[in-house]
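Colleague: could you look at this predicted model? Sequence included:
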Amino acid sequence: MIPALPSILRRALHRFIPAQFHDPVGLTKRLIRSRDPAAYFAMRLAGFGPFCAPLDLLLQPFERRAYLAAPPRRLPVLFVCGPPRSGTTLVAQALIENLPVAYFGNLTALFPRSPITANRVFRRLISRRPIGYRSYYGRTDHLSGPNDGLQLWDRWLGPDRTQAPAELSPEQRQAMVKFFDAYEAWSGLPLVAKNNNLNASAGLVAAALPNCYFLCLTREPVFLARSLLRGRLDIHGREDLAYGLMPPTGDSADPIENVCRQVIYLEQLGLKQQASIGPARFRLISYEDFCRDPGATLKLVAEEILRLPVAPAGFPNLPAAFEPTNRASNDQALLARLAHTFDLLRSPAAPESPEAGP
């Protein structure tokens, strides 16, 4: 937070810098130090957001008309979800780069109130670049690149991205249905959209949106925990502040135990959503398996979920394999401590892990 700023200005900033970021100024410094093009582009996007807000408001009546006029959706929708740092961005990029699908672009972040109308007006003016396979914590480095569209999800799931809602109101359900109807009416394509937190809210979304599916990533727990710890430092500057959804109880002051509990909780969330929705609509996909053979995942998604034909040549823009980031560098001691902590937490004598949420 920035105490010297009036509360109204803080709220305005938090439209572009989410409120759970405890130190936006420190985050900006860390983004600059990263020297990552996607991190720099994310800052430019946040800077342009307030300047686009007046036009976003002016376009909003046209957006509402699009929702009212849209016929019911007929094509499937695929949501990519899972723990942060589990490969969700890479999988979404591979799907968008290699399949004829619609997606939420970075223009959506500039016009969160009127994303469909803004795309109609401005999309033709944006040079289309290859999606590629680079990102910085889910952020891509050009205007036509994919975006999580989190401000859209805030409409239906609430603005607190650290908590999953227990239910959706009838108004939220109806608004969600009309938005996805209108998005298909505009694009004419099946949609692929990524939102990590849907591993906690998939059941609510699945009940509102027939013919939607979920691809939930999993990852080797020790390497996921290490990556989440690094994410805490990169985003918050501290290991004791969580990055991503956390269990509602069972918190620990020790960052190692804390992050291991978080990983177990996220595992349970995925399993609970799959049990609720069914494996045909909620599929668990291993990050490591995807990296070894990404073509197999794309073929499954294309043929079994999106009902798109796969050309005999396969996917020419897809590498035969990706190099997973599951490597021990100079942190063998940390990996060993994480593995030991997981063993303790999973042992029969350990206190029962907090139940996964909704």
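Modeller: Cool, the structure landed.
Colleague: the strands in the stretch 201-350 of the chain, which residues?
Modeller: 212-218, 282-286 (DSSP state E, counting those that start in this stretch).
Colleague: can you lay out the ones you listed as TSV showing mean pLDDT, distance to residue 327 and mean neighbour count?
Modeller: No exception for glycine: its C-beta is placed from N, CA and C like everyone else's. Listed next are the strands of the stretch 201-350 of the chain as TSV, based on pLDDT from 0 to 100; distance: least, C-beta to C-beta, whole Å; neighbours: other C-beta atoms under 10 Å:
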stretch	mean pLDDT	distance to residue 327	mean neighbour count
strand 212-218	98	18	24
strand 282-286	97	17	19
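Colleague: redo those strands as CSV? Include distance to residue 34.
Modeller: Listed next are the strands of the stretch 201-350 of the chain as CSV, based on distance: least, C-beta to C-beta, whole Å:
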stretch, distance to residue 34
strand 212-218, 23
strand 282-286, 28
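Colleague: end-to-end on stretch 143-159?
Modeller: End-to-end distance for stretch 143-159: 24 Å, by C-alpha to C-alpha, to the nearest Å.
Colleague: in that stretch, what's buried?
Modeller: By neighbour count with 16 or more other C-beta atoms under 10 Å, stretch 143-159 contains the buried residues 143-153, 156-157.
Colleague: stretch 330-346 now?
Modeller: Buried-residue list, stretch 330-346, by 16+ other C-beta under 10 Å: 334-335, 337-338, 341-342, 345.
Colleague: now the closest residue in space to residue 214 that isn't next to it in sequence: how far from residue 246?
Modeller: Here the nearest residue to residue 214 in space, its sequence neighbours aside, is residue 282; by C-beta to C-beta, 6 or more residues apart in numbering that works out to 4.5 Å. Distance of residue 282 to residue 246, given as C-beta to C-beta, to the nearest Å: 22 Å.
Colleague: poorly predicted segments of this structure, please.
Modeller: 1-24, 250, 328, 349-358 (pLDDT under 70).
Colleague: where do the helices of the stretch 151-300 of the chain begin and end?
Modeller: With DSSP state H, counting those that start in this stretch as the criterion, the stretch 151-300 of the chain has helices at 170-187, 198-208, 221-236, 255-277, 287-292, 294-300.
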